[in-house]
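In: Need coordinates for the below:
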Amino acid sequence: MSPITIALIILAITVVLFIWEPIPIIVTAIGASIAFAYTGLITIDDIFTGYNSTTIVLLAGMMVIGSSLFHAGITDLIGEKMVRVTGKSERNIILATLIVSCALSSVCSNIGVMTAMAPLVTAMCIAAGVGPSKALLSLLFGAQFGGFVTLVGVGSNATANSVMSELGITPFGFFSITPFGIGICILGTLYFTFIGRKLIPDTGYVPEFAKTDKKPLDKRKAAISVITLLCVLVVIAASPKNMPMHVAAVIGALIIVGTKCMTVQEAIRAIDWNCMLLVGSLTAISTGFKNSGAGDAVAELILKILGENPSPFMVTTVIFFAAAILTQFMSNIPSIMLFLPIGISIAEQIGVSPYPVAMTITLAGAASYATPFAAPQNMMTVGWTHYKFVDFCKIGLPMLLVTYVVVVALVPIFLPY
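Out: All right, here's what the predicted structure looks like:
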């Protein structure tokens, strides 16, 4: 049996178990990692590689900082003030969350934005008397939309530029992606606010960091918690080389515990271990799928479909959906690294500019909307919301079409063939 067949079988079984959940999804996720190892697609050492990552450290630190707001009793006050702006309408809360997360993630890491905003969004929902699951999912989507606005919005944008340089092509400028990002932000926000949110249920789940008895306001603890959160946000936005955001998050958590805003036991309970384990399992699943050669097979299929003289529209359409579908099961950076050389080669063969093809691949490769496997922040959101695989498909697949419409509409204007 070929590696591709083995990988597809494991992935299919994983998807079925994710949909029906006869066993906890964390068992399925780690089980899939083990299956990839014992079928030879990854090494035994790679099974738990994802747990030794800066993302896990960042999550743990930010969960403690976020939970400190609840322990200080200030979340009620924050939530009430935010609800004065949005009202108690779930739609308005989701709209506000999308706008703010889009703006912040255009210049900050989307995971950093999400971990910083999650406690505030949860507090706002609790104050309004609505479940936080839809708003937290909108936080994920808003962070993803905002990542398209500038070159630094998401790591895969910078990866695309690096690959272009290696291929001898002048990379995109800082704002080359901006028109496309703004289009995705506007249409994506409208879609999620008025259509997408109706496609998924409120799961009724409240994240671990918000699960604490209601406590009276402690001004000292509240001041420390708020200042710590703001300082960590500033570091995440500034991204200094000598202070990575995961280190800033850990320092923030140490300040919270060291000033007795939370006890060590409370800090440990604030960490959502289910969420952490889900995020950690993603690396092995993504690596196993990549190592199987499935991506290369898709690339070969693209060349066969396009034929000898494809139209620019055909090139855009086929490459967009191939990259977008692949990135739902494989990390966006490997997807972009795989498809960019192929796409640029096709552009050269048919005598068109490589830039519209490169932009199409950059946008499609980062359109991680439709499955929990698509990105670490998706897995993180599963832990926060308990949404199922099918929920991601329901709301994410239409968003892929929205992104495609933006690409097809704007490429001829800003990056003509």
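In: following the helix or strand that residue 317 is a member of, which helix or strand comes up?
Out: In the assignment (DSSP states H and E), residue 317 maps to helix 312-326. The helix or strand immediately downstream of helix 312-326 is helix 332-350, counting by DSSP H and E.
In: pretty sure residue 395 contacts residue 192?
Out: Yes: look at residue 395 against residue 192 with CB atoms under 8 Å: they come within range, at 7.4 Å. Where you see a C-beta, it was placed from the backbone N, CA and C, and this is true even at glycine.
In: The two: who's more crowded?
Out: residue 192 (27 against 24; other CB atoms under 10 Å).
In: what secondary structure does the more buried one sit in?
Out: helix (DSSP: H, G, I helix; E, B strand; the rest coil).
In: just checking, what packs against the helix holding residue 317?
Out: Here helix 312-326 touches helix 294-306, helix 332-350, helix 354-365, helix 389-414, going by 3 or more CB pairs under 8 Å, 6 or more residues apart in numbering; DSSP states H and E.
In: Would you mind putting the ones you listed into JSON lines with distance to residue 275 and mean pLDDT alongside?
Out: Formatted as JSON lines, the helices and strands packed on helix 312-326 follow (distance: least, CB to CB, whole Å; pLDDT from 0 to 100):
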{"stretch": "helix 294-306", "distance to residue 275": "27", "mean pLDDT": "75"}
{"stretch": "helix 332-350", "distance to residue 275": "20", "mean pLDDT": "79"}
{"stretch": "helix 354-365", "distance to residue 275": "25", "mean pLDDT": "92"}
{"stretch": "helix 389-414", "distance to residue 275": "15", "mean pLDDT": "95"}
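In: Show me which of those helices has the highest average neighbour count.
Out: Per-stretch averages of neighbours, counted by mean count of other CB atoms under 10 Å, single out helix 354-365 among the helices and strands packed on helix 312-326, with a mean of 26.
In: Now do that one: which elements does it pack against?
Out: The contact analysis (3+ CB pairs under 8 Å, 6+ apart) places helix 354-365 against helix 155-166, helix 178-194, helix 312-326, helix 332-350, helix 389-414.
In: what sits up against that helix?
Out: For helix 354-365, the external contacting residues (CB atoms under 8 Å, 6 or more residues apart in numbering) are 148, 156-157, 160, 164, 169, 172, 176-177, 180, 184, 312, 315-316, 319-324, 327, 332-333, 335-336, 339-340, 343-344, 346-348, 403-404, 406-407, 411, 415-417.
In: how about a cut-off of 7 Å?
Out: Defining contact as CB atoms under 7 Å, 6 or more residues apart in numbering, one finds that helix 354-365 is touched by 148, 156-157, 160, 164, 169, 177, 180, 315-316, 319-320, 323-324, 327, 332, 335-336, 339-340, 343-344, 346-348, 403, 407, 411, 415, 417.
In: Among the helices and strands packed on helix 312-326, which comes closest to residue 232?
Out: Relative to residue 232, the nearest member of the helices and strands packed on helix 312-326 by CB to CB is helix 332-350, separated by 25.0 Å.
In: could I get the closest one in CSV with only the CA atoms?
Out: The C-alpha trace of helix 332-350 is given here as CSV (Å, rounded to 0.1, in the frame of the first residue of the first chain):
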residue,chain,number,x,y,z
ASN,A,332,-0.2,26.6,5.5
ILE,A,333,3.6,27.2,5.3
PRO,A,334,4.4,23.8,3.7
SER,A,335,1.4,24.2,1.4
ILE,A,336,2.7,27.5,0.1
MET,A,337,6.3,26.2,-0.2
LEU,A,338,5.0,23.3,-2.3
PHE,A,339,2.7,25.3,-4.6
LEU,A,340,4.7,28.5,-5.2
PRO,A,341,7.4,26.9,-7.4
ILE,A,342,4.8,25.0,-9.3
GLY,A,343,2.6,28.0,-9.9
ILE,A,344,5.5,30.3,-10.9
SER,A,345,6.7,27.6,-13.3
ILE,A,346,3.2,27.4,-14.9
ALA,A,347,3.1,31.2,-15.2
GLU,A,348,6.4,31.1,-17.1
GLN,A,349,5.3,28.3,-19.4
ILE,A,350,2.1,30.2,-20.5
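In: what angle do it and helix 155-166 make?
Out: With axes from the mean of the first three to the mean of the last three CA atoms, to 10 degrees applied, the angle from helix 332-350 to helix 155-166 works out at 40 degrees.
In: Which elements pack onto the least confident helix or strand in the chain by mean pLDDT?
Out: When each helix and strand of the chain is scored by mean pLDDT, DSSP states H and E, helix 294-306 comes last, with a mean of 75. Counting contacts by 3 or more CB pairs under 7 Å, 6 or more residues apart in numbering; DSSP states H and E, helix 294-306 is packed against helix 3-20, helix 312-326, helix 332-350.
In: would you turn those helices into CSV with distance to residue 230?
Out: Converted to CSV, these look like this (distance: least, CB to CB, whole Å):
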stretch, distance to residue 230
helix 3-20, 37
helix 312-326, 36
helix 332-350, 30
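In: For residue 367, find the nearest of those helices.
Out: Closest among the helices and strands packed on helix 294-306, using CB to CB: helix 312-326, at 5.0 Å.
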